Every structure is written in structure tokens, then in C-alpha cells.
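# need coordinates for the following:
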Amino acid sequence: MLIRRPADVLPSEITPEPVYRARRQLMGAALATPLLGLAGCAEADTPAAGGAADAATDTPDGFRTSEEQTRFANASTYNNFYEFGTGKADPAENAHTLQPVPWSVTVGGAAGKRGTFALEDLLKDRAGEERIYRMRCVEAWSMVIPWLGMPLGTFLRQFEPTSNARYVRFVTLDDPRQMPGLRYPVLDWPYEEGLRIDEAMHPLAFLAVGMYGRPLPNQNGAPLRLVVPWKYGFKGIKSIVRIEFTEDMPPTSWNKSAPREYGFFANVNPAVAHPRWSQASERRIAGGGNRIFAGRIPTRPFNGYAEQVAPLYAGMDLRKWF
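Presented below is the predicted three-dimensional model:
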């Protein structure tokens, strides 16, 4: 098992965070023509949003939090994307080979509208949104990231899922020429994930095409990735090329690899330890200057989104259905 705890990043590796001024204009442009003509739109720097995690507040819908945001430099260089290597810095170093334009998504299964669609056509004429979400990795570190994109439910409804669509399956690009990590049997490639249909249609579930007011970097899942803030980060599948509506629960990569450690639902639950470490607390990656870890904080059920999503799991044994 190659998922592992993070190592500290040296101060010399940390660069200033780019700002996301004029964010609203970028959101509209990113969704109208995803990643086309935006590659040179990086803007000036701005400090991360203030507020300690324990003093921060969320909007009632959960779409925004005032918690201190992770710096772009850290969010774009400290992450897991095994298609480009198993080290935290490997994706940023190796993902330049990914070609996110042009991009298409194939849709199949229990839906009235199936086929292969250009991504710009799927996102055209849909208003951009910003969501500032906590992201909790199963490795017990966390971030706060401003995402750009659209509600997953809005995206999925355009394909007219039928009453037989009880689950949604997602698949990542499988191209060793663009993703050198696919040459190694770390997982059973391609990477695949899934959600129950009611989870996928929940207002918090999000498809991101950007972050920090710019298109998604390759290493963060360009040009299209899933963000499910109440679940562990491995549910956030990146570089999506296929979506399928299914009647049966779809297989998922980490669950196939180690079912005792990585469940299908993967809801953040501090009361359920990973077999090799506790999930009761997490290391928050945030802060300016020479800091990367802003301290250790308690992990909250559903990553702090229990008010919004707990009813989805009424009557379920959340220990059994990890």
C-alpha cells in the first residue's frame, strides 16, 4: 500500500501564493471555454484568508468557509495523483505531459443522453461558481481550497439519468504517454470512483474546472475533477474521461486494492481509525511565511458538513459502511 503519511516540506520549497483577483470573471470564462485562452491568466498575489480553523464559520449551505485557505503553492505541489508518481511532489514535476485540451467525456449507462461529448460543449452557457471547501485526505492531512466549477447534479442532469441510475461511476484518463505512472502496477488502472446517485445530486457535490481563480493545474486533475467535501480526498477523481450511470454499486480503485482500508462511501469519520493510523485529528496545510502545516486540529464528522449531508446516511452503520 503506497498511500502514506505526508513529509514536511522545506521552507525553501515554498513560493508565494498567486492571487485570484477578478475571480468571478475567470469563473465565467473557465466554464464557457474550459482552459482555452486562460493559461496565461495568472494574477498578482494575495494573502490567504484569515481565521483559525476553530474560530471559522461556514455559510449555512456549506458552500463557503472563513477558515484560513491553503496557499496555492502548497495545494498545487503537495498532493496525490499516482498516475504521475507516488511522491507528493511527483504530480507537479511530471504532469506537464498531460494534454487537457482538447478534452472529451464519454457518458453511458442508464441515461437518455449518451455518447462522447467535447468538454467545452458540456460546460457552455453554464454560470461559473466558487466553492471554498475543506479537503480531508485519508492520510490525516487537510487543506482549504477555493474551487471553480459547477454543481455535479447540474452537470449530470443534462444526460437525463433514468430511474435505474442508482449510482454514478467515474473513470480517469488511461494513457501512459501522458501519464507515466500508469506504467507501474500501483493500482488496477484506470482509476475509477463512484457515488450513490443521491450523493452525486447533493448540492455540495461539485465538478471543478479551476482553483484559486485559474484553470486546474494538470497535477490537480485538469481539466475536470470531482470534489466531494464530506468524503476523504481519494473520492475526488481527477482528469475524468468517462461517466456511467449504473444500477449496481460500481467498483472503485482503492476499495478494490485494499477493501479493509478504503471503503466505497469513505465518509470522513474521526471515530473510525484507518487500520494503520488514527483519523481523530489532522494536520492542516495553511498559513503564510515559512509555514506549511498550521497545526493539528480535531477531525469533524463528515469533515464538518454533517448538517448538510448526515440525512443521506440515516439508519446506516457508519462504522460498517466506511
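# sheet partners, orientation included, of the helix or strand where Gly295 lies?
In this assignment (DSSP states H and E), Gly295 forms part of strand 293-298. Take DSSP bridges as the rule and strand 293-298 pairs in its sheet with strand 281-285 (antiparallel).
# can you list contacts of the partner strand?
Around strand 281-285, the neighbours that count as contacts under CB atoms under 8 Å, 6 or more residues apart in numbering are 6, 53, 68, 70, 74-75, 78, 136-137, 140-144, 270, 292-299. Heads up, the C-betas are built off the backbone N, CA and C, glycines and all.
# and the gap between the residue nearest to Ala306 when sequence neighbours are not counted and Ala310?
Nearest non-adjacent residue to Ala306, counting by CB to CB, 6 or more residues apart in numbering: Arg300, 7.3 Å away. Using CB to CB, to the nearest Å, Arg300 is found at 12 Å from Ala310.
# and these two? which has more neighbours close in?
Taking other CB atoms under 10 Å, Arg300 and Ala310 do not tie; Arg300 has more neighbours (17 against 14).
# distance-wise, check that one relative to Glu160.
Distance from Arg300 to Glu160, by CB to CB: 36 Å.
# looking at this protein, which helix or strand is least sure?
Comparing helices and strands within the chain by mean pLDDT, DSSP states H and E singles out helix 23-32 as the least confident, with a mean of 42.
# buried ones in the strand holding Gly295?
Buried residues in strand 293-298, counting neighbours by 16 or more other CB atoms under 10 Å, are found at Ala294.
# average pLDDT for it?
Mean pLDDT, strand 293-298: 86.
# in this structure, which spans are strands?
Listed in chain order, the strands of the chain (DSSP state E) span 104-109, 115-118, 129-136, 141-151, 167-172, 192-196, 206-211, 214-215, 225-227, 240-246, 281-285, 293-298.
# of those, which is nearest Arg260?
Smallest distance to Arg260 across the strands of the chain (CB to CB): 18.2 Å, for strand 192-196.
# other SSEs contacting the closest one?
strand 167-172 (3 or more CB pairs under 8 Å, 6 or more residues apart in numbering; DSSP states H and E).
# relative to strand 104-109, how tilted is the strand it packs on?
150 degrees (axes from the mean of the first three to the mean of the last three CA atoms, to 10 degrees).
# what does strand 167-172 rub up against?
Against strand 167-172 from outside (CB under 8 Å, 6+ apart): 83, 109, 156, 190-197, 200, 226, 237-250.
# if we can go back for a sec, put the buried members of the contacts of strand 281-285 into a PyMOL selection.
Selecting only the buried entries of the contacts of strand 281-285 in PyMOL, with 16+ other CB under 10 Å as the criterion:
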select buried, resi 6+53+68+70+74+75+78+136+137+140+141+142+143+144+270+292+294+299
